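Asks: What follows is a predicted structure for the sequence shown.
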Amino acid sequence: MVERIRAFVSIHLASEPFDEVVRCIEALKSELADLPIKWIRPEQVHLTLAFLGSVDADSLPELKEALERAALHSFVKPFDLHLQGIGRFGHAGRGQVLWMGLEGELGQLSMLSSVVDAACAPFTARRERRTFNPHVTIARCEKLPLEDFERVKGLLHRVFVRTMSWKVESFQLMRSHLKPTGAEYEILESFVLGSK
């Protein structure tokens, strides 16, 4: 029987922006403690470049080689990002994602996402069909009544996010272990941008 794993490719935040994300999560959590919101744990904080879904474990060596080539792609260079505000996807009465936005060299980030997505394509049946929208997920919630939705929406505009910058110099191939307490992530490999 072929072993399959859940995998994705991500960028980890440097310590200062990471700390700011965690601070904002804690501030929101304390204000919205009575709502059924699933907050991202600190060890889960990341920026997703590509979600692969279920991948054949035997193909990991080839996937890693493809991602190494992507990291060395002539258009891919280290670049700067910074945190920029808090927002949400979704509408009242439907599931929502709360996120922290990003600014900076978004053209470079988009290029990296495209190169990584192309490298991953042969290894997964699941393909992202949506436009790449860079963000750091901080929470998920099921359907909220309109009054709770409006409360969350209003609070997001009042939380001050310090603009913390960092240089993106690498990305990671991650494995997701689904557990009753939530997903746990494992770094399978890290790839340095433009290292050769």
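Replies: Here it is on my side, so go on.
Asks: This structure: helices as residue ranges?
Replies: 15-31, 60-71, 106-120, 146-158 (DSSP state H).
Asks: In TSV: these, plus mean pLDDT, distance to Ile5 and mean neighbour count.
Replies: All C-beta atoms are positioned from the backbone trio N, CA, C, and that covers glycine. Converted to TSV, those look like this (pLDDT from 0 to 100; distance: least, CB to CB, whole Å; neighbours: other CB atoms under 10 Å):
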stretch	mean pLDDT	distance to Ile5	mean neighbour count
helix 15-31	92	25	16
helix 60-71	95	8	17
helix 106-120	93	13	19
helix 146-158	80	34	14
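Asks: Show me what the worst-scoring helix or strand of the chain on mean pLDDT is packed up against.
Replies: The helix or strand of the chain with the lowest confidence, counting by mean pLDDT, DSSP states H and E, is helix 146-158 at a mean of 80. Packed against helix 146-158 by the contact rule (3 or more CB pairs under 8 Å, 6 or more residues apart in numbering; DSSP states H and E) you find helix 15-31, strand 79-89, strand 96-104.
Asks: can you list contacts of the first one?
Replies: Taking contacts as CB atoms under 8 Å, 6 or more residues apart in numbering, the residues outside helix 15-31 that touch it are 12-13, 37, 39-40, 42, 45, 81-83, 86, 98, 100, 136, 138-139, 155-156, 159, 161-162, 164-166.
Asks: Write a PyMOL command that selects only the buried members of the residues you listed.
Replies: In PyMOL, a selection of the buried entries from those looks like this (16 or more other CB atoms under 10 Å):
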select buried, resi 12+13+37+39+40+45+81+82+83+86+98+100+136+138+139+156+161+164+166
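Asks: Make a markdown table from the helices and strands packed on helix 146-158 and add distance to Glu186 to it.
Replies: Output for the helices and strands packed on helix 146-158, formatted as a markdown table (distance: least, CB to CB, whole Å):
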| stretch | distance to Glu186 |
| --- | --- |
| helix 15-31 | 18 |
| strand 79-89 | 24 |
| strand 96-104 | 23 |
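Asks: looking at these, which is closest to Leu193?
Replies: For Leu193, the closest of the helices and strands packed on helix 146-158 is strand 79-89, at 8.1 Å, according to CB to CB.
Asks: Adjacent strands (with direction) for that closest one?
Replies: Applying DSSP bridges to the sheet, strand 79-89 is found paired with strand 96-104 (antiparallel), strand 165-168 (antiparallel).
Asks: Can I get it as CSV, trimmed to CA atoms?
Replies: Only the C-alpha atoms of strand 79-89 are listed here, as CSV (Å, rounded to 0.1, in the frame of the first residue of the first chain):
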residue,chain,number,x,y,z
PHE,A,79,12.8,39.8,-1.2
ASP,A,80,11.2,41.9,1.5
LEU,A,81,7.7,41.6,3.0
HIS,A,82,6.0,43.3,5.9
LEU,A,83,2.8,42.9,7.8
GLN,A,84,-0.1,45.1,6.8
GLY,A,85,-3.4,45.1,8.7
ILE,A,86,-6.0,42.4,9.5
GLY,A,87,-8.9,41.3,7.3
ARG,A,88,-11.2,38.5,6.6
PHE,A,89,-12.5,36.2,3.8
